[in-house]
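> Here you go, sequence then predicted model.
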Amino acid sequence: MARITLRQLLDHAAENDYGLPAYNINNMEQGLAIMEAAEAVNAPVIIQASRGARSYANDIVLAKLIDALAELYPHIPVCMHQDHGNGPATCATAIQYGFTSVMMDGSLEEDAKTPASYEYNVDVTRRVVQMAHSCGVSVEGELGVLGSLETGMGEAEDGHGFEGKLDHSALLTDPDQAVDFVRETKVDALAIAMGTSHGAYKFSRQPDGEVLAMNVIEEIHRRLPDTHLVMHGSSSVPQDLQDIINAYGGQMPQTWGVPVEEIQRGIKHGVRKINIDTDNRMAMTGAIRKILSEKPGEFDPRAYLKPAKEAMRKLCQERYLQFGCEGQASKIRPLSTAQMAQRYAKGELNPHFGTSASKAA
Ligand SMILES: O=C(CO)COP(=O)(O)O
Ligand SMILES: O=C[C@H](O)COP(=O)(O)O
Ligand SMILES: [Zn+2]
Ligand SMILES: [Zn+2]
């Protein structure tokens, strides 16, 4: 069984200039879709579960499901990651259930709604890093609050995100502060805010640099060339998926997501983990709507869940290819969390600052 830590995967991605999509999971069909896609192109896997997913699927079911997926595809390294942990307890229980990576999202307070102070973020993230690294588990931190630069609003629909309006200073990660944050916390990966938000309604037009500040990524990468950057809210919200949903009774207002070319640009500037949930949700929903509308007499869930899984597999596979993951899985030999714990203890994985100027591009 090939569980792997996020740190080992992202180190490999950085050495080989590719990015890894991190797909959210809530059920068996999504897990199978991700693994079938990864198997088809020999890509390593990051599966992530939100707090909502953990309570929806149940921790025990989820843990055994991931075990089953890893057993089914023994040669594909699988990282199991806690998405948007809201505090040390969420991260600790994830580790108890076998997660090899956790996100401590200290950009918001424990209620996952109130924007947190910088001091709070550093303190809580540092504590989670100490605890997780002693178990060999990786940690992603977040600096800057995710939200729309167009409206100043967060994303209430996912249940995680601030309510109300914020100005640009809170919605854009400060590059100087990013350096301090990595030094103080020793996170393995850093999620940054630059105009993306969760869910389908990210932009009211094709995004440009005004609303999707890729220059912030480039600036942070210049200062932190060895830090793995994470783009949240990175669904592309493809037009064809909007059209399928709306053609079969859906009512999604026209919207724009993050163009794949912008993510590819990010990958050239240190982005190693790209979070995608909404595109997969839309792919599945479109397929289900189509079947139920074309065959209103259908009542067997397999009749619509199978095409839903297939639509998600197709999307996942496309992103693996677009982000350069093809063929990478078999090049990686997963280290155990015990081995990773030793590497942390020896200081081998401490952050580096400004040493590899050539990679700063
Ligand atoms: O960032 C995400 C999960 O953490 C998912 O983003 P999307 O809603 O754009 O898919
Ligand atoms: O973080 C956002 C992901 O899209 C997860 O969404 P969720 O909290 O509805 O499971
Ligand atoms: Zn966040
Ligand atoms: Zn997110």
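Ah, there it is. Ligands and ions are numbered 1, 2, ... in the order given.
> Not counting residues beside it along the chain, what's closest to Ala13?
Arg272 (4.7 Å; CB to CB, 6 or more residues apart in numbering). (Glycine included, C-beta is placed from N, CA and C.)
> Check the secondary structure at that neighbour for me.
Taken by DSSP: H, G, I helix; E, B strand; the rest coil, the conformation at Arg272 corresponds to strand.
> and it, how far is that from ligand 4?
To ligand 4, Arg272 is 15 Å away according to CB to the ion, to the nearest Å.
> what does the stretch 101-250 of the chain put close to ligand 4?
His232 (CB under 5 Å from the ion).
> In this protein, where's the longest strand?
strand 78-85 (DSSP state E).
> just how off-centre is it within its chain?
Remark: strand 78-85 is offset 8 Å from the chain centroid, using CA atoms, centre = their mean, to the nearest Å.
> and the following helix or strand past it, what's its mean pLDDT?
Going down the chain from strand 78-85, the next helix or strand is helix 88-96, by DSSP states H and E. Averaging pLDDT along helix 88-96 gives 98.
> How about stretch 52-68?
Stretch 52-68 comes out at a mean pLDDT of 98.
> Quick one: residues in contact with that stretch.
1, 24-28, 31, 47, 49, 78, 80, 83, 93-94, 97-98, 158-160 (CB atoms under 8 Å, 6 or more residues apart in numbering).
> if we go to 10 Å?
Contacts to stretch 52-68, defined as CB atoms under 10 Å, 6 or more residues apart in numbering, come from residues 1, 3, 24-28, 30-32, 35, 47, 49-50, 78-80, 82-84, 90, 93-94, 96-100, 158-160, 277.
> ok, and for stretch 170-185, which residues are buried?
Buried positions in stretch 170-185, judged by neighbour count with 16 or more other CB atoms under 10 Å: Ala170, Leu171, Leu172, Thr173, Asp174, Pro175, Ala178, Val179, Phe181, Val182, Glu184, Thr185.
> no no, stretch 122-135
Neighbour-count burial for stretch 122-135 flags Val122, Val124, Thr125, Arg126, Arg127, Val128, Val129, Met131, Ala132, His133, Cys135 (criterion: 16+ other CB under 10 Å).
> what's the average pLDDT for the helix or strand the first one falls within?
The reference is to Val122. Here Val122 sits within helix 118-134, counting by DSSP H and E. Averaging pLDDT along helix 118-134 gives 98.
> helices or strands next to it in the packing?
The contact analysis (3 or more CB pairs under 10 Å, 6 or more residues apart in numbering; DSSP states H and E) places helix 118-134 against strand 78-85, helix 88-96, strand 101-104, strand 138-143, helix 175-185, helix 337-345.
> Now do the contacts for the closest residue to ligand 3 within the stretch 51-200 of the chain.
Nearest to ligand 3 in the stretch 51-200 of the chain, going by CB to the ion, is Asp105, at a distance of 4.2 Å. Applying CB under 10 Å, 6+ apart to Asp105 gives the contacts 82-87, 90-91, 112, 116, 121, 124-125, 140-143, 145-146, 160, 191, 232.
> okay, it: pLDDT?
98.
> With Pro238 instead?
98.
> now do the same end-to-end measure for stretch 188-205.
34 Å (CA to CA, to the nearest Å).
> wait, does that stretch contact ligand 2?
Yes - under the criterion of CB under 6 Å from any ligand atom, stretch 188-205 makes contact with ligand 2 via His198.
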